[in-house]
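[1] fold the following for me, if possible:
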Amino acid sequence: MIHSALRALLPDPNWSRNSGIGLKRSQTLFSQSEAILTAAAQAAWIGLRYQVPIIATTIEVGEDDVPMLKYRVPRINEVEEWAHRTLVVHHRPALDINRLREELGELKVPSPQGDQTWMHLVLDSSKDTASVSRIGFIFHTHHSVTDGNGGKIITNRYLAEFGTRLRAGNTSIPDFLWGTESENLTPAIFNVLGPSEPVPIHPSSDQEPTFAHPFYRTLGGEMQSIGASMENQYGFKARDGDQGWPDSRRAELVFSPKESKTLLTYMKNEPYTLAVLLHAALAMVVMFYKPGSKDAKNSFLNNFVMVDVRSHLKVPYTGEGYPGYAIAPPMLRLPVSLFLTSEGTALALDKELLVKVMSEIRERYAEHKERAISYIAPASDIFAYAMKRSYAVDHHPVNQCYMFSSDGPGEKFLKSTVRDTSGNTLFEITKFFTFICHPTLRLISVCRLGRELWKLARILTGTCWLRRT
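    Below you'll find the model as predicted:
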């Protein structure tokens, strides 16, 4: 799944997000033919462009070498051409959208045509095309357009538009006054900050900037954290990097109903989120393959974490009101000493240690969520400069440790049931996923990593144990 031309820093040009959902049609909607579904899907896609025009933005780099998202007001024929390119219909056996997402994950974004956002409609090739009752969607976009939660917000709006048109039998191309949609362009978060957010001292002010000021204190603290992450890096166990454009790999963790109930009960009682559990498990996997010692007690596992900042914005942009990119990427550092005894020997990778690491990560996340976010603009400029120089000399990504991208509870912002304006059920979502594709060389086998993560997550259910051999 997957900002507006106003972002200070765009992620790597090939970062992209996918989100997919399986939909079961409600009995209140009669099954429709493939032709009607496709026409309604395209009309809804055009309608969404008017509501959320960032889906039709392109990435451009100005003369000052600063990237931006640019939106151009189209002619009506250009809107239809855009829809034909970016609303893609697929036929897959048994609605297999997993294989499709792997294929999409290997594509370079933007496309040669400059497009960077698509909606994929997936139909079951083994069923009668005259009467379709189950369909799938994948929303695929460059990460500069939106974040994980923003993708779900956009998907909600699209499904509502799609279902409403389908129910009304309206599959004609929407008649909009193109040009007025520019009023709906998503502003940068720095332009819609909440009233409690500290802002930098105005250049015309006589006041001297100091780190006692909340804005500069937050900025200084974050810069200090990023700088510290360049020292005492623990990282993965060394292995030869993969050559060429990386494959799209995935590992799916499946729990039994009993394990799921036990795990969710434990997590809600503590409380922890699954993101905290997986983050802790990932850290323990690093220690599994590269056990710590007293020589590494002053080292750290470093990674940028994702913090949704929509709660820091002003009305009407809080929560679901902001479909764009609203994430702060602070640095989270876990000391290797967490995994060591006082004598410097490696602790057992058991439930006690997992809970200990989860508690540490939960506290770090809580601190980041409360932190002011206005520092992101200048910090992004600094980080962009450093990242560009690092890529130029082939020093990026640094082996600081794993990359972990999670926007919080997976079901947040995604409606499991889509209803029309009268409250009638249009669709029920039976399954969804969201993932990010990052074009860096793998440092560890994804399938092997997935197996160990699965074992660690099951530790909390009492059904598994991770041991070194």
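[2] which SS state does K108 fall under?
    At K108, secondary structure determined by DSSP: H, G, I helix; E, B strand; the rest coil is coil.
[3] what is the neighbour count of it?
    Applying other Cβ atoms under 10 Å, we find 12 residues neighbouring K108. In this view, the C-beta of every residue, glycine as well, is placed from N, C-alpha and C.
[4] check what pLDDT it gets.
    At K108, the pLDDT value in this model is 84.
[5] now do S337
    S337 carries a pLDDT score of 94 in this model.
[6] ok so it is a strand residue?
    No. Under the criterion used here (three-state DSSP), S337 is helix, not part of a strand.
[7] in the stretch 351-469 of the chain, where is pLDDT below threshold?
    Within the stretch 351-469 of the chain, the segments meeting pLDDT under 70 span 386, 390-391, 393-401, 406-411, 437-469.
[8] let's go with 90 and repeat that
    Along the stretch 351-469 of the chain, the parts satisfying pLDDT under 90 run over 351, 364-469.
[9] same check on the stretch 1-150 of the chain?
    1-36, 59-69, 75-76, 92-110, 113, 123-136, 143-144, 147-149.
[10] if you set the cut-off to 70 instead, what comes out?
    Low-confidence segments of the stretch 1-150 of the chain, defined by pLDDT under 70: 1-31, 127-130.
[11] and the stretch 201-350 of the chain, by the same measure?
    By pLDDT under 70, the weakly predicted segments of the stretch 201-350 of the chain are 238-252.
[12] can you pull out the helices in it?
    For the stretch 201-350 of the chain, applying DSSP state H, counting those that start in this stretch gives helices covering 214-229, 257-269, 274-289.
[13] so which of those comes closest to R101?
    Nearest of the helices of the stretch 201-350 of the chain to R101, taken as Cβ to Cβ: helix 274-289 at 19.1 Å.
[14] between the helices of the stretch 201-350 of the chain, which gets nearest to E428?
    Among the helices of the stretch 201-350 of the chain, helix 257-269 comes nearest to E428, with 19.7 Å by Cβ to Cβ.
[15] now the angle from the closest one to helix 274-289?
    110 degrees (axes from the mean of the first three to the mean of the last three Cα atoms, to 10 degrees).
[16] how about helix 257-269 as PDB, C-alpha atoms only?
    The C-alpha atoms that make up helix 257-269 are tabulated as PDB, following Å, rounded to 0.1, in the frame of the first residue of the first chain:
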ATOM      1  CA  PRO A 257      -7.000 -21.300  16.900                       C
ATOM      2  CA  LYS A 258      -5.900 -22.400  20.400                       C
ATOM      3  CA  GLU A 259      -2.500 -20.600  20.000                       C
ATOM      4  CA  SER A 260      -4.200 -17.500  18.700                       C
ATOM      5  CA  LYS A 261      -6.600 -17.300  21.600                       C
ATOM      6  CA  THR A 262      -3.800 -17.900  24.200                       C
ATOM      7  CA  LEU A 263      -1.500 -15.300  22.500                       C
ATOM      8  CA  LEU A 264      -4.200 -12.600  22.200                       C
ATOM      9  CA  THR A 265      -5.400 -13.100  25.700                       C
ATOM     10  CA  TYR A 266      -1.800 -12.700  27.000                       C
ATOM     11  CA  MET A 267      -1.200  -9.600  24.800                       C
ATOM     12  CA  LYS A 268      -4.400  -7.900  25.900                       C
ATOM     13  CA  ASN A 269      -3.900  -8.600  29.600                       C
END
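[17] now it, how far from the centre of its chain.
    Between the centre of helix 257-269 and the centre of its host chain there is 25 Å, according to Cα atoms, centre = their mean, to the nearest Å.
[18] find the centremost residue of this protein, please.
    G148 (3.2 Å; Cα atoms, centre = their mean).
[19] isn't it right up against M306?
    Yes. Applying Cβ atoms under 8 Å, one finds G148 in contact with M306, separated by 7.4 Å.
[20] need phi/psi at F435.
    Note on F435: backbone dihedrals following degrees, to the nearest 10 are phi -150, psi 160.
[21] in this structure it contacts R101, no?
    Yes. Contact status for F435 versus R101: in contact at 7.2 Å, counting by Cβ under 8 Å.
[22] more crowded one of the two?
    Between F435 and R101, counted using other Cβ under 10 Å, the more crowded position is R101 (20 against 16).
[23] just checking, what packs against the helix or strand in which the more buried one is found?
    Element membership for R101 (DSSP states H and E) is helix 97-105. Applying 3 or more Cβ pairs under 8 Å, 6 or more residues apart in numbering; DSSP states H and E, one finds that helix 97-105 contacts strand 16-25, strand 87-92, strand 117-124, strand 134-142, strand 425-437.
[24] residues near A379, how many?
    21.
[25] who's in contact with it?
    By Cβ atoms under 8 Å, 6 or more residues apart in numbering, the contact list for A379 reads L219, E222, M223.
[26] isn't the last one up against I382?
    Yes. Under the criterion of Cβ under 8 Å, M223 is in contact with I382, at a separation of 6.9 Å.
[27] strands of this structure, start to end?
    Counting by DSSP state E, the chain has strands at residues 16-25, 58-61, 67-70, 87-92, 117-124, 134-142, 300-304, 307-308, 327-328, 331-335, 417-419, 425-437.
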